[in-house]
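Visitor: I would like the atomic coordinates for the input below:
(one chain, ligands or ions: 1)
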Amino acid sequence: MNVADSERAATHLRQAGYELADAPEAADVVLLNTCSVRERAERKVFTRIGELRETASNKPLIGVMGCVAQLEGESIFDQAAAVHLVIGTRATDRISLLIERAKAGEPSVLDLGERGEGDAWEVSPVERHSPYVAFVPIIEGCNKFCSFCIVPYSRGREKSRSATDILNEVRRLRDFGYKEIHLIGQNVNSYRPRSLEGLEKFPGATPFCRLLRAVAATGVARIKFTTSFPRDFHPDIVAAIEEYPNLCDWVHLPVQSGSDRILQAMRRGHKAAAYRDKITAIKSARRRLALTSDIIVGFPGETVADFADTLALVRECEYDALYIFKYSQRRGTPAAKMVDTVSEAEKKERFIALESVQREIQNRIYQGYLGKRLSVLVEGTSARSEEDMSGHSTCHKVVNFHGGTELEGKIVDVLITEAKTNSLYGALVN
Ligand code: SAM
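Guide: You can find the predicted model right below:
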């Protein structure tokens, strides 16, 4: 989501006549896009501002945008005197005006306002992070108010983009040669546009299921979507994936905990059994669907028994990958008022224990790919070796193989010969 926001800000700035610089030393303005989901991310911003002040001898205007800007607001000017601009999460279309004000000498320019009605979602191809893979936001904000999470405060309420707009963008991306579209949002499956215009011809149990079918019908080669919220995960999503081969075989469904007591304290709005039912639906698809999730360890009040429930759920779900986070207290969230009973040492211990269970499962799943062919979108040269190319499979595994740069942007078949912890290695087939 942050990458997509930066792409959108860059599009707006270029339209307003700005050029993007390669390095802070060459820039008149440096904007830091920020994340506040965990404390560590937030602290990094202030470290970075300090570094910029030290190293950028050209003394650029410094602006903070994104979630930290939205949450900390005016106090950023007190915390970091080098900052001239604080730009909230919904002010993207006003950035150039804000810069002009700062350039005119206004010392502390702040905008935490809402988006304007006609604000642009469109991203110019030159600003996209990849010429082959494009992020398309379909919903922003969050109404779920999980007790640990800062997102509803930093990004506001859920706002869905019109289906017509999304479909037009997807068609343009397809015509431009993009091979993979990621429909993105805090909770993509909570998609609820004001009208169903554009989706009339596409059936589905929920607007998101209809949108999936409509996007698939554009014929773009590969479609992925993230993140899904468990309570809103309708089995018709699995049915849509089965109907359209270009809807990729990967679902990211964060569970956060395997304990009902903790799920309730987290205000996730579902029990572990309901989550297991969703997983059963996903696992009973005719195509094997890769499954990934997020878990928070050490939520306030999490006992050894609660954590054992999480381990049991993870063993049962057999995720292809798992993003594990140590609980991080976020000011202003309901959980911040709870007594943090789990020590840092225990959080670390649980993190390591869960990671080790996951590694074992993941090794088994990855080994299962040996001798199989995967369809891979070649995205670039591998980070490890100039001789190898790298890309993602439809099941969202990183796949490396021996090959040349002429393959970039192509979809190729790779026969898997080696399984590593977080990637696969293979040989080009076609
Ligand atoms: N809205 C998306 C969702 O619900 O999956 C993604 C939100 S967040 C960027 C991704 C993950 O960060 C969450 O799923 C959760 O596991 C983790 N997270 C969020 N708040 C956290 C907190 N206060 N402490 C630790 N991890 C947190």
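Visitor: Beyond the worst-scoring helix or strand of the chain on mean pLDDT, next helix or strand please.
Guide: Using mean pLDDT, DSSP states H and E, the weakest-scoring helix or strand in the chain turns out to be helix 39-55, at a mean of 89. With elements assigned by DSSP states H and E, the helix or strand that comes after helix 39-55 is strand 61-66.
Visitor: Report the distance from whichever helix or strand comes after that following strand to the chain centre.
Guide: On the C-terminal side of strand 61-66, the nearest following helix or strand under DSSP H and E is helix 67-72. Centroid separation between helix 67-72 and its chain, computed with C-alpha atoms, centre = their mean, to the nearest Å, is 18 Å.
Visitor: Also stretch 278-289?
Guide: The answer for stretch 278-289 is 22 Å, by C-alpha atoms, centre = their mean.
Visitor: Next, the distance between the ends of it.
Guide: Between the opening and closing residues of stretch 278-289 lies a distance of 13 Å (C-alpha to C-alpha, to the nearest Å).
Visitor: same check, this time on stretch 32-39
Guide: Stretch 32-39 end-to-end distance (C-alpha to C-alpha) = 16 Å.
Visitor: what do you get for stretch 137-146?
Guide: For stretch 137-146, the end-to-end distance is 21 Å (C-alpha to C-alpha).
Visitor: Only the buried residues of that stretch, if you could.
Guide: Going by neighbour count (16 or more other C-beta atoms under 10 Å), the buried part of stretch 137-146 is 137-142, 144, 146. (Each C-beta comes from the backbone N, C-alpha and C, glycine too.)
Visitor: Just the mean pLDDT for that stretch, thanks.
Guide: Mean pLDDT, stretch 137-146: 96.
Visitor: same thing with stretch 247-265?
Guide: Mean predicted confidence for stretch 247-265 is 98.
Visitor: Now do the buried residues in that stretch.
Guide: 247-260, 262-263, 265.
Visitor: ok, and does it reach over to the ligand?
Guide: Yes. Stretch 247-265 reaches the ligand (C-beta under 6 Å from any ligand atom) through 254, 256.
Visitor: so how far is that stretch from its chain's centroid?
Guide: 15 Å.
Visitor: interface residues of the chain facing the ligand?
Guide: Counting by C-beta under 6 Å from any ligand atom, the chain sits next to the ligand at 37-38, 142, 148-149, 151, 186-187, 227, 229, 254, 256, 294, 296, 325, 327-328, 330.
Visitor: Just the buried residues out of the residues you listed, in PyMOL syntax.
Guide: Entered in PyMOL, the line below selects the buried ones among the residues of the chain next to the ligand, by 16+ other C-beta under 10 Å:
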select buried, resi 37+38+142+148+149+151+186+187+227+229+254+256+296+325+327+328+330
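Visitor: Let's see which of the residues of the chain next to the ligand end up in strands.
Guide: Per DSSP state E, strands hold the following members of the residues of the chain next to the ligand: 294, 296, 325.
Visitor: Looking at the buried residues of stretch 137-146, which one is closest to the ligand?
Guide: Closest approach to the ligand among these (C-beta to the nearest ligand atom): residue 142, at 6.0 Å.
Visitor: Return the residues in contact with that closest one.
Guide: Going by C-beta atoms under 8 Å, 6 or more residues apart in numbering, residue 142 touches 149, 151-152, 155, 157-158, 186-187.
Visitor: give me the low-pLDDT residue ranges for this protein?
Guide: Applying pLDDT under 70 to the chain flags no residue at all.
Visitor: for the stretch 51-200 of the chain, what spans make up the helices?
Guide: Ranges of helices within the stretch 51-200 of the chain are 67-72, 75-79, 95-103, 151-155, 163-176, based on DSSP state H, counting those that start in this stretch.
Visitor: Would you mind finding the most buried of these?
Guide: helix 67-72 (a mean of 24; mean count of other C-beta atoms under 10 Å).
Visitor: on contacts alone, who are the packing partners of that helix?
Guide: strand 29-34, helix 75-79, strand 83-87, helix 151-155 (3 or more C-beta pairs under 8 Å, 6 or more residues apart in numbering; DSSP states H and E).
Visitor: closest one to residue 427 among these?
Guide: strand 29-34 (38.8 Å; C-beta to C-beta).
Visitor: Which elements pack onto that closest one?
Guide: Packing contacts for strand 29-34, counted by 3+ C-beta pairs under 8 Å, 6+ apart, involve helix 2-15, helix 39-55, strand 61-66, helix 67-72, helix 95-103.
Visitor: Return the subset of the buried residues of stretch 247-265 lying in strands.
Guide: Using DSSP E, the buried residues of stretch 247-265 in strands are 250-252.
Visitor: tell me which of the residues you listed is nearest to the ligand?
Guide: For those, the nearest to the ligand is residue 252 (7.6 Å; C-beta to the nearest ligand atom).
Visitor: ok, the closest one - contacts?
Guide: 226-228, 291-293.
Visitor: let's see 7 Å
Guide: 226-228, 292 (C-beta atoms under 7 Å, 6 or more residues apart in numbering).
Visitor: And residue 196, by the same measure?
Guide: 163, 207.
Visitor: Quick one: residues contacting residue 77.
Guide: So residue 77 contacts 83, 86, 108 (C-beta under 7 Å, 6+ apart).
Visitor: Buried subset of those as a ChimeraX selection?
Guide: Command for ChimeraX that selects the buried part of the contacts of residue 77, burial taken from 16+ other C-beta under 10 Å:
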select :83,86
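Visitor: Test my guess that residue 249 contacts residue 397.
Guide: No. In terms of C-beta atoms under 7 Å, residue 249 does not count as a neighbour of residue 397; the distance is 10.5 Å.
Visitor: Please indicate which of the contacts of residue 252 has the highest neighbour count?
Guide: residue 228 (22 neighbours; other C-beta atoms under 10 Å).
Visitor: Alright, that wraps it up for me.
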